[in-house]
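K.L.:
Sequence and predicted structure are below.
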Amino acid sequence: MNAAFPTGATRVHFLIGQPTVQAKSPTAMTRLYAERGLDAMVLPLSVPPGALGTLAPALWPVENLGGLIVTVPHKIEAREIARELSDAARRCGAVNVLRRLPEGGWYGDNFDGEAMVQAIRAAGFDLRGARVLLVGAGGVGKPIALSLAAAGVAGLRVRDTDPRRAADLTRLLRQHFPALDPAGSADLVVNATPLGLDPQDPLPATEAEILSARCLADVTTPRDTSMMIGMGRAAGLITVDGHAMYQAQLRTILDFVDEAPGP
């Protein structure tokens, strides 16, 4: 198989998001398929918010479709349309990958949280006992919060433009991790919002919060470095960008969408 060109037998997976123009994962994942000797490709679909519920049922009958890799802003809607869910997806209320079920519908899972934990550890930051400021309590922020708590952080403070959403996630964390303390300055600042995709975006946290941390992590994958990550690198902080997070879950996602359907 030539990874640059599909054949009549090519198995297709779609990356669903908006925007997708900055996404590097279709190229990276298609290259991985070629390395495995498989005739498969990942292609981007730029889908407006609220449209996944219409699109996913229409795509299900496509016989050479393997799965849907779901990015911002569709992760919560993907959970709502999934017929079956993994424990991780059910707990965090968001899905970042959908696999076709043979009897109809989709099976959803979520690997975002564990991928961020792996990427932060790979960068050399010890999460045990760390204090975290998490900006964004939506479809990306929830699984990251739960995985960071499970990894042994001592404190986790949640901030979101929607105070109710931040409060809901804080309650969920207290329910599963009652020892977490949200007080204190952060050693780790995590941006789990789209802020940073556009060079004109404001910082997700204050400059003081960013520069007083020891590690910065950002889920965004802009064409160039996000402002927050750029500030961190200039200051000599440990930094983890969205590309590092995605690299941590590429093989996991490919294995998932190519498994036999079902849990």
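P.N.:
Arrived safely.

K.L.:
drop to CA atoms for contacts and neighbour counts, all remaining ones
P.N.:
Will do.

K.L.:
which residues of the stretch 1-150 of the chain fall in strands?
P.N.:
Assignment of strands within the stretch 1-150 of the chain using DSSP state E, counting those that start in this stretch yields the ranges 11-17, 40-46, 65-70, 84-85, 97-100, 106-109, 131-135.

K.L.:
shaky segments in this structure?
P.N.:
1-4, 260-263 (pLDDT under 70).

K.L.:
still on that earlier bit, mean neighbour count and distance to Gly242 for the strands of the stretch 1-150 of the chain - can I get that in TSV?
P.N.:
Output for these, formatted as TSV (neighbours: other CA atoms under 10 Å; distance: least, CA to CA, whole Å):
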stretch	mean neighbour count	distance to Gly242
strand 11-17	21	15
strand 40-46	20	17
strand 65-70	25	14
strand 84-85	21	25
strand 97-100	28	17
strand 106-109	27	19
strand 131-135	26	14
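
K.L.:
Make TSV out of these and add distance to Leu59.
P.N.:
TSV is the format used below for the strands of the stretch 1-150 of the chain (distance: least, CA to CA, whole Å):
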stretch	distance to Leu59
strand 11-17	10
strand 40-46	12
strand 65-70	8
strand 84-85	17
strand 97-100	10
strand 106-109	11
strand 131-135	33
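
K.L.:
Out of the ones you listed, which is closest to Ile144?
P.N.:
Among the strands of the stretch 1-150 of the chain, the nearest to Ile144 by CA to CA is strand 131-135 (8.7 Å).

K.L.:
pull the CA atoms of the closest one into CSV?
P.N.:
Provided in CSV are the C-alpha atoms of strand 131-135 (Å, rounded to 0.1, in the frame of the first residue of the first chain):
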residue,chain,number,x,y,z
ARG,A,131,-0.9,20.9,42.9
VAL,A,132,-2.9,21.5,39.7
LEU,A,133,-4.8,24.3,38.1
LEU,A,134,-7.0,22.8,35.4
VAL,A,135,-8.6,25.4,33.0
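
K.L.:
other SSEs contacting that strand?
P.N.:
helix 141-150, strand 155-159, strand 188-191 (3 or more CA pairs under 8 Å, 6 or more residues apart in numbering; DSSP states H and E).

K.L.:
what helices or strands is the shortest one leaning on?
P.N.:
Here strand 188-191 touches strand 131-135, strand 215-218, going by 3+ CA pairs under 8 Å, 6+ apart.

K.L.:
what about Leu172, distance to Val158?
P.N.:
11 Å (CA to CA, to the nearest Å).

K.L.:
neighbour count winner among those two?
P.N.:
The neighbour comparison of Leu172 against Val158 (other CA atoms under 10 Å) goes to Val158, with 23 against 17.

K.L.:
close enough to count as contact, the more buried one and Arg171?
P.N.:
No. Look at Val158 against Arg171 with CA atoms under 8 Å: they stay out of range, at 10.4 Å.

K.L.:
Output stretch 205-222 as PDB, restricted to C-alpha atoms.
P.N.:
C-alpha atoms of stretch 205-222 as PDB (Å, rounded to 0.1, in the frame of the first residue of the first chain):
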ATOM      1  CA  ALA A 205      -4.500  31.500  33.000                       C
ATOM      2  CA  THR A 206      -2.900  34.600  34.300                       C
ATOM      3  CA  GLU A 207       0.800  35.300  33.500                       C
ATOM      4  CA  ALA A 208       1.600  35.000  37.200                       C
ATOM      5  CA  GLU A 209      -0.100  31.600  37.500                       C
ATOM      6  CA  ILE A 210       1.700  30.400  34.400                       C
ATOM      7  CA  LEU A 211       5.200  31.600  35.400                       C
ATOM      8  CA  SER A 212       4.900  30.400  39.000                       C
ATOM      9  CA  ALA A 213       4.300  26.800  37.900                       C
ATOM     10  CA  ARG A 214       6.900  24.200  37.200                       C
ATOM     11  CA  CYS A 215       5.100  22.500  34.400                       C
ATOM     12  CA  LEU A 216       2.600  23.600  31.700                       C
ATOM     13  CA  ALA A 217       0.400  21.300  29.700                       C
ATOM     14  CA  ASP A 218      -1.800  22.300  26.800                       C
ATOM     15  CA  VAL A 219      -4.300  20.200  24.800                       C
ATOM     16  CA  THR A 220      -4.300  22.500  21.800                       C
ATOM     17  CA  THR A 221      -2.500  21.600  18.600                       C
ATOM     18  CA  PRO A 222      -1.900  25.000  16.800                       C
END
